[in-house]
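>>> got a structure for you, letters missing:
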């Protein structure tokens, strides 16, 4: 209750839990599963470890069950007196103009390339030479046609 968090390795055969003295790891896991089913803790599982966090209902339940005064709160609910200052994001100077501006987009382009049109030129004339991957591309009734080599009569 003091920290508001419980951790247990997913090892049901461990003889003792690392933090709770006198209990096997299985007893801790099953107790926390019972509290989870009642909505008193929230469970997270990562890298073969269970993490349980007390909910507000769980704090009230444990206060009543353990006969604790209301002044006693878990460390996770306490606000720290000195909050660290937010550091600026990594990657250099902050941007100006925010989202949606073209200034950021144009700043990384090479100089002199802003007016150049990209894409196919006016003299580009594509040719269609048949489908992609459809045999040899010969005439329809010829050797490389649709039914060639499959034993079907034409």
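Sure thing, it's come through. The shown structure was predicted, so the numbers you read here are calculated from the model rather than taken from an experiment.
>>> Where do the strands of the protein begin and end?
Using DSSP state E, the strands of the chain run over 5-9, 41-46, 49-54.
>>> does residue 73 really touch residue 59, like I thought?
Yes. With contacts defined as Cβ atoms under 8 Å, residue 73 counts as touching residue 59 at a distance of 7.3 Å. Using the backbone N, CA and C atoms, a C-beta is placed for each residue, glycine as well.
>>> Rounded mean pLDDT for the longest helix along the chain, please.
The helix of greatest length in the chain, counted in residues with DSSP state H as the criterion, is given as helix 25-37. Confidence over helix 25-37, taken as the mean pLDDT, stands at 94.
>>> What are the buried residues along that helix?
25, 28-29, 31-32, 35-36 (16 or more other Cβ atoms under 10 Å).
>>> swap in stretch 5-25?
Buried positions in stretch 5-25, judged by neighbour count with 16+ other Cβ under 10 Å: 6, 8, 17, 25.
>>> Per-residue pLDDT of the third one, please?
Think residue 17. Predicted confidence (pLDDT) for residue 17: 87.
>>> Roughly how far does it sit from residue 24?
With distances defined as Cβ to Cβ, to the nearest Å, the gap from residue 17 to residue 24 amounts to 7 Å.
>>> repeat for the second one
Between residue 8 and residue 24 the distance, using Cβ to Cβ, works out to 10 Å.
>>> so what sits against both of those two?
Residues touching both residue 8 and residue 24 (Cβ atoms under 8 Å, 6 or more residues apart in numbering): residue 17.
>>> Next, format the buried residues of stretch 5-25 as a markdown table and append distance to residue 126.
Shown next, in a markdown table, are the buried residues of stretch 5-25 (distance: Cβ to Cβ, whole Å):
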| residue | distance to residue 126 |
| --- | --- |
| 6 | 67 |
| 8 | 65 |
| 17 | 71 |
| 25 | 69 |
